[in-house]
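Trainee: 3D model of this:
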Amino acid sequence: MNMNERDERACIVRLKAGQAEAFGVLVDAYEREAAAHAMALLRQHEDAQDAVQEAFLDAFRAMPNFDVRCRFYPWFYVILRARCLKRIERGRHTHMQSFPRQTLLERLPDEQREVADTLEEALASLSCEKREVLLLKYVDGLTYGQLAERLSIPLGTVMSRLFQARRALKESLQRRGVLKTMPKEGSR
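Mentor: Residues are numbered from 1 along each chain as shown. The predicted structure follows:
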(Lines give C-alpha, C1' and ligand atoms only; values in the text may rest on other atoms or scores of the structure.)
Protein backbone atom coordinates (compact mmCIF):
# COMPACT_ATOMS: atom_id res chain seq x y z
CA MET A 1 0.00 0.00 0.00
CA ASN A 2 1.83 3.09 -1.16
CA MET A 3 0.74 6.41 0.27
CA ASN A 4 -0.20 9.38 -1.82
CA GLU A 5 2.24 12.26 -1.65
CA ARG A 6 -0.01 14.50 0.45
CA ASP A 7 -0.67 11.87 3.14
CA GLU A 8 2.98 10.91 3.19
CA ARG A 9 4.07 14.52 3.68
CA ALA A 10 1.54 15.00 6.51
CA CYS A 11 2.82 11.84 8.18
CA ILE A 12 6.43 13.03 7.94
CA VAL A 13 5.52 16.46 9.32
CA ARG A 14 3.84 14.75 12.32
CA LEU A 15 6.90 12.57 12.79
CA LYS A 16 9.25 15.55 12.71
CA ALA A 17 6.99 17.27 15.27
CA GLY A 18 7.71 14.44 17.70
CA GLN A 19 4.85 12.04 16.99
CA ALA A 20 7.00 8.90 16.69
CA GLU A 21 3.96 6.69 16.04
CA ALA A 22 3.63 8.35 12.62
CA PHE A 23 6.67 6.35 11.53
CA GLY A 24 4.58 3.19 11.93
CA VAL A 25 2.27 4.50 9.21
CA LEU A 26 5.25 4.81 6.85
CA VAL A 27 6.42 1.31 7.76
CA ASP A 28 2.94 -0.09 7.11
CA ALA A 29 2.79 1.69 3.76
CA TYR A 30 6.18 0.60 2.44
CA GLU A 31 7.20 -2.58 4.28
CA ARG A 32 5.89 -4.97 1.64
CA GLU A 33 7.59 -3.12 -1.22
CA ALA A 34 10.82 -2.89 0.78
CA ALA A 35 10.72 -6.63 1.52
CA ALA A 36 10.27 -7.42 -2.17
CA HIS A 37 13.19 -5.16 -3.10
CA ALA A 38 15.39 -6.70 -0.41
CA MET A 39 14.48 -10.20 -1.62
CA ALA A 40 15.39 -9.21 -5.17
CA LEU A 41 18.83 -8.18 -3.95
CA LEU A 42 19.55 -10.81 -1.32
CA ARG A 43 17.44 -13.76 -2.47
CA GLN A 44 17.24 -15.10 1.06
CA HIS A 45 14.09 -14.45 3.07
CA GLU A 46 15.54 -14.06 6.58
CA ASP A 47 18.34 -11.77 5.45
CA ALA A 48 15.88 -9.69 3.44
CA GLN A 49 13.60 -9.29 6.46
CA ASP A 50 16.55 -8.36 8.68
CA ALA A 51 17.81 -5.82 6.13
CA VAL A 52 14.35 -4.22 5.93
CA GLN A 53 14.08 -3.93 9.71
CA GLU A 54 17.57 -2.47 9.98
CA ALA A 55 16.87 -0.02 7.16
CA PHE A 56 13.65 1.21 8.79
CA LEU A 57 15.53 1.68 12.05
CA ASP A 58 18.26 3.63 10.21
CA ALA A 59 15.60 5.72 8.47
CA PHE A 60 13.86 6.49 11.77
CA ARG A 61 17.15 7.68 13.25
CA ALA A 62 17.88 9.80 10.16
CA MET A 63 14.42 11.43 9.97
CA PRO A 64 15.59 14.71 11.55
CA ASN A 65 17.70 15.22 8.41
CA PHE A 66 14.93 14.23 5.97
CA ASP A 67 13.79 16.95 3.57
CA VAL A 68 9.96 17.02 3.73
CA ARG A 69 9.80 18.14 0.08
CA CYS A 70 11.14 14.72 -1.00
CA ARG A 71 9.25 11.45 -1.29
CA PHE A 72 10.01 8.95 1.47
CA TYR A 73 10.49 5.69 -0.43
CA PRO A 74 13.22 6.81 -2.89
CA TRP A 75 15.16 8.19 0.09
CA PHE A 76 14.48 5.05 2.11
CA TYR A 77 15.48 2.79 -0.80
CA VAL A 78 19.02 4.22 -0.70
CA ILE A 79 19.21 3.19 2.97
CA LEU A 80 17.70 -0.24 2.27
CA ARG A 81 20.04 -0.85 -0.66
CA ALA A 82 23.07 0.04 1.47
CA ARG A 83 21.93 -2.44 4.12
CA CYS A 84 21.48 -5.17 1.51
CA LEU A 85 24.85 -4.50 -0.12
CA LYS A 86 26.54 -4.63 3.31
CA ARG A 87 25.04 -8.06 3.86
CA ILE A 88 26.25 -9.22 0.46
CA GLU A 89 29.76 -7.89 1.12
CA ARG A 90 29.91 -9.58 4.51
CA GLY A 91 28.66 -12.82 3.00
CA ARG A 92 26.05 -12.99 5.73
CA HIS A 93 23.33 -14.43 3.54
CA THR A 94 23.77 -18.15 3.51
CA HIS A 95 22.41 -20.11 0.59
CA MET A 96 20.61 -18.88 -2.46
CA GLN A 97 17.04 -19.97 -2.89
CA SER A 98 14.34 -19.37 -5.41
CA PHE A 99 12.16 -16.34 -4.95
CA PRO A 100 9.19 -16.93 -2.66
CA ARG A 101 5.69 -16.18 -3.90
CA GLN A 102 5.88 -12.70 -2.38
CA THR A 103 8.05 -11.12 -5.03
CA LEU A 104 7.89 -8.04 -7.15
CA LEU A 105 6.39 -10.19 -9.90
CA GLU A 106 3.45 -11.35 -7.79
CA ARG A 107 1.35 -8.60 -9.36
CA LEU A 108 0.91 -10.77 -12.45
CA PRO A 109 -2.42 -12.58 -12.86
CA ASP A 110 -2.56 -16.34 -12.16
CA GLU A 111 -2.75 -17.26 -15.85
CA GLN A 112 0.70 -15.71 -16.32
CA ARG A 113 2.23 -17.51 -13.30
CA GLU A 114 4.17 -20.05 -15.41
CA VAL A 115 5.76 -17.24 -17.40
CA ALA A 116 6.48 -15.36 -14.17
CA ASP A 117 8.08 -18.45 -12.60
CA THR A 118 10.41 -18.86 -15.59
CA LEU A 119 11.21 -15.15 -15.53
CA GLU A 120 11.95 -15.32 -11.79
CA GLU A 121 14.33 -18.24 -12.39
CA ALA A 122 16.08 -16.29 -15.15
CA LEU A 123 16.32 -13.19 -12.95
CA ALA A 124 17.67 -15.28 -10.08
CA SER A 125 20.54 -16.39 -12.30
CA LEU A 126 21.66 -12.78 -12.81
CA SER A 127 23.99 -10.78 -10.61
CA CYS A 128 22.46 -8.63 -7.89
CA GLU A 129 23.29 -5.46 -9.86
CA LYS A 130 21.61 -6.70 -13.06
CA ARG A 131 18.52 -7.98 -11.22
CA GLU A 132 18.14 -4.72 -9.36
CA VAL A 133 18.29 -2.44 -12.40
CA LEU A 134 15.85 -4.62 -14.38
CA LEU A 135 13.31 -4.82 -11.56
CA LEU A 136 13.48 -1.10 -10.83
CA LYS A 137 13.04 -0.28 -14.53
CA TYR A 138 10.44 -2.81 -15.63
CA VAL A 139 8.55 -3.73 -12.47
CA ASP A 140 8.67 -0.43 -10.62
CA GLY A 141 8.57 1.57 -13.85
CA LEU A 142 11.33 4.03 -13.00
CA THR A 143 12.64 6.30 -15.72
CA TYR A 144 16.34 6.46 -16.55
CA GLY A 145 16.61 9.67 -14.52
CA GLN A 146 14.86 8.10 -11.54
CA LEU A 147 17.15 5.07 -11.79
CA ALA A 148 20.21 7.31 -11.78
CA GLU A 149 18.92 9.09 -8.69
CA ARG A 150 17.82 5.93 -6.86
CA LEU A 151 21.09 4.10 -7.55
CA SER A 152 23.29 7.20 -7.18
CA ILE A 153 24.97 6.62 -10.53
CA PRO A 154 25.32 8.71 -13.71
CA LEU A 155 22.70 8.42 -16.46
CA GLY A 156 25.24 6.83 -18.83
CA THR A 157 25.94 4.12 -16.27
CA VAL A 158 22.20 3.45 -15.98
CA MET A 159 21.97 2.96 -19.74
CA SER A 160 25.02 0.69 -19.76
CA ARG A 161 23.76 -1.43 -16.84
CA LEU A 162 20.33 -1.79 -18.43
CA PHE A 163 21.86 -2.84 -21.74
CA GLN A 164 24.06 -5.45 -20.05
CA ALA A 165 21.24 -6.66 -17.82
CA ARG A 166 18.81 -7.05 -20.73
CA ARG A 167 21.42 -9.00 -22.69
CA ALA A 168 22.14 -11.28 -19.69
CA LEU A 169 18.41 -11.87 -19.13
CA LYS A 170 17.90 -12.67 -22.80
CA GLU A 171 20.74 -15.21 -22.68
CA SER A 172 19.32 -16.76 -19.52
CA LEU A 173 15.87 -17.07 -21.12
CA GLN A 174 17.44 -18.59 -24.25
CA ARG A 175 19.21 -21.22 -22.11
CA ARG A 176 15.82 -22.08 -20.60
CA GLY A 177 14.32 -22.48 -24.07
CA VAL A 178 11.92 -19.58 -23.65
CA LEU A 179 13.51 -17.49 -26.39
CA LYS A 180 14.89 -18.87 -29.59
CA THR A 181 18.51 -18.10 -30.31
CA MET A 182 18.77 -15.66 -33.16
CA PRO A 183 21.42 -16.35 -35.84
CA LYS A 184 24.34 -13.94 -35.75
CA GLU A 185 24.52 -11.30 -38.42
CA GLY A 186 26.17 -12.61 -41.56
CA SER A 187 25.51 -16.30 -40.79
CA ARG A 188 23.01 -18.34 -42.75
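
Trainee: any idea how many residues pack against Asp50?
Mentor: 18 (other C-beta atoms under 10 Å). C-betas here are computed from N, CA, C, even on glycine.

Trainee: any idea which element it lies in?
Mentor: Element membership of Asp50, judged by DSSP states H and E, is helix 45-62.

Trainee: could you give the average pLDDT over that helix?
Mentor: Taken as a whole, helix 45-62 has an average pLDDT of 94.

Trainee: repeat that for stretch 138-147.
Mentor: Here the average pLDDT along stretch 138-147 is 90.

Trainee: over to stretch 17-36?
Mentor: In this model, stretch 17-36 has a mean pLDDT of 94.

Trainee: can you map out the helices along the protein?
Mentor: In the chain, the helices defined using DSSP state H lie at 5-16, 22-42, 45-62, 72-90, 113-124, 128-134, 144-151, 155-175.

Trainee: for the fourth one, list every residue counted as buried.
Mentor: For helix 72-90, the buried set under the neighbour-count rule, 16 or more other C-beta atoms under 10 Å, comprises 72-73, 75-81, 83-85, 87.

Trainee: ditto for the second one
Mentor: Going by neighbour count (16+ other C-beta under 10 Å), the buried part of helix 22-42 is 22-23, 25-26, 29-30, 33-42.

Trainee: need the contact list for the residue nearest the centre of the chain.
Mentor: Geometric centre of the chain, nearest residue: His37, 3.2 Å, by C-alpha atoms, centre = their mean. By C-beta atoms under 8 Å, 6 or more residues apart in numbering, the contact list for His37 reads 77, 80-81, 104, 135.

Trainee: try 6 Å this time
Mentor: Applying C-beta atoms under 6 Å, 6 or more residues apart in numbering to His37 gives no contacts.

Trainee: from Cys128, how far off is it?
Mentor: 11 Å (C-beta to C-beta, to the nearest Å).

Trainee: do Trp75 as well
Mentor: Distance from Trp75 to Cys128, by C-beta to C-beta: 21 Å.

Trainee: same thing with Leu142?
Mentor: Distance from Leu142 to Cys128, by C-beta to C-beta: 17 Å.

Trainee: those two: who's more crowded?
Mentor: More crowded of Leu142 and Cys128, by other C-beta under 10 Å: Leu142, with 19 against 14.

Trainee: what residue spans form the domains of the protein?
Mentor: 1-97, 111-177 (automatic domain parsing).

Trainee: what's the neighbour count on the closest residue to Ala35 other than its chain neighbours?
Mentor: Spatial nearest neighbour of Ala35, chain neighbours left out: Val52 (5.3 Å); criterion: C-beta to C-beta, 6 or more residues apart in numbering. Residues lying near Val52 (other C-beta under 10 Å) number 26.

Trainee: how about the contacts made by Val52?
Mentor: Val52 makes contact with 34-35, 38, according to C-beta under 6 Å, 6+ apart.
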